[in-house]
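1. Sequence and predicted structure below; questions after.
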Amino acid sequence: MDVWKEQLQMDHEHFQRRSGWTVTWQGLPVFNGDHTNVPLHSPELYVIWNEKVKFLTAAAKDNPFGSDYFLWTDIGSFRSQRAAKNLITYPDPVRVATELGESKVFFLEVYPFSSADRALNPVSGLPERDFRLDIRLGGGIFGGHVKALARYDAVYYETMGRMATAGRFVGKDQNVMSSVAVMYPDLVRLVAGGGDWWYGQFFFSQLADCDAFRVFMCPLACHICDS
């Protein structure tokens, strides 16, 4: 756990100042207005985030239903009753297989990678940018064929080790995932989400067409259809 405690000191989102802010759950207060510093992240949270890839590949190895494809899906991906009710076809097996084949792992490109993002350090082989302050990928929904996941598992944790050795922040899975996407572009299928963190739900459902997307997501990200 010591390594994750060290990561906490590198996390610019560790504390977020709140003033007069109250959060309730089931009608009970969780935070009150007296809290000026609310801890957002912890070493334990880093462990969970960085075990997501391992959780998914472990499920693929157990494979109780003889499946070919596996998608990690954060429970927090479904925050709107209206949207969730209309996403009962997620994930659509035919669409998943068609979009990913056997060699690609899906990631939502929440914000586009620039040419500078893709530059690699000639000595370390890591991206020049460490993505600690630059969000590019969403880690809420990702996955692919069992063959692609096995390879991704290997390069993900190998890349994490290299980043940690180089003194880079690895507490958040998105930092490592973004680095892997730059280093192994043949392995990662990036899908533009237009700034919407939950577009992956629609992309892998039978609602994955622009008319349905407009109904449920506009005006948040209609420019995806208009581009």
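-> Cool, got the structure.

2. Strands along this protein, start to end?
-> Listed in chain order, the strands of the chain (DSSP state E) span 15-17, 23-25, 28-31, 37-39, 69-73, 105-109, 137-145, 188-192.

3. Can you give me the buried ones in stretch 151-162?
-> The neighbour-count criterion (16 or more other CB atoms under 10 Å) identifies 151, 152, 153, 155, 156, 159, 160, 162 as the buried residues of stretch 151-162. Every C-beta, even on glycine, is put in place using the N, C-alpha and C of the backbone.

4. The last one contacts residue 130, correct?
-> Put plainly, it is residue 162. No. If you go by CB atoms under 8 Å, residue 162 and residue 130 don't touch, sitting 11.6 Å apart.

5. gap between the residue nearest the centre of the chain and residue 206?
-> In the chain, the C-alpha nearest the mean C-alpha coordinate belongs to residue 139, at 0.7 Å (CA atoms, centre = their mean). As defined by CB to CB, to the nearest Å, residue 139 lies at a distance of 24 Å from residue 206.

6. can you check residue 59 too?
-> Using CB to CB, one obtains 24 Å as the distance from residue 59 to residue 206.

7. and of the buried residues of stretch 151-162, the nearest to residue 190?
-> Distances from the buried residues of stretch 151-162 to residue 190 were compared by CB to CB; the smallest belongs to residue 152, at 13.5 Å.

8. Give me the below-cutoff pLDDT ranges for the protein.
-> Within the chain, the stretches with pLDDT under 70 are 1-41, 208-227.

9. For this structure, just list every one of the helices.
-> In the chain, the segments counted as helices under DSSP state H are 2-8, 43-62, 81-85, 93-100, 146-165, 173-183, 199-203, 210-217, 223-226.

10. For residue 119, find the nearest of those helices.
-> Evaluated over these, closeness to residue 119 peaks at helix 173-183, with 8.4 Å, by CB to CB.

11. what angle sits between that closest one and helix 146-165?
-> Comparing the axes of helix 173-183 and helix 146-165 via axes from the mean of the first three to the mean of the last three CA atoms, to 10 degrees yields an angle of 110 degrees.

12. Give me the buried positions along helix 173-183.
-> Counting neighbours by 16+ other CB under 10 Å, helix 173-183 gives 173, 174, 175, 176, 177, 178, 179, 180, 181, 182, 183 as buried.

13. so how far is residue 196 from residue 203?
-> Using CB to CB, we find residue 203 at a distance of 10 Å from residue 196.

14. These two: who's more crowded?
-> Each of residue 203 and residue 196 had its neighbours counted (other CB atoms under 10 Å), and the higher figure belongs to residue 203 (23 against 18).
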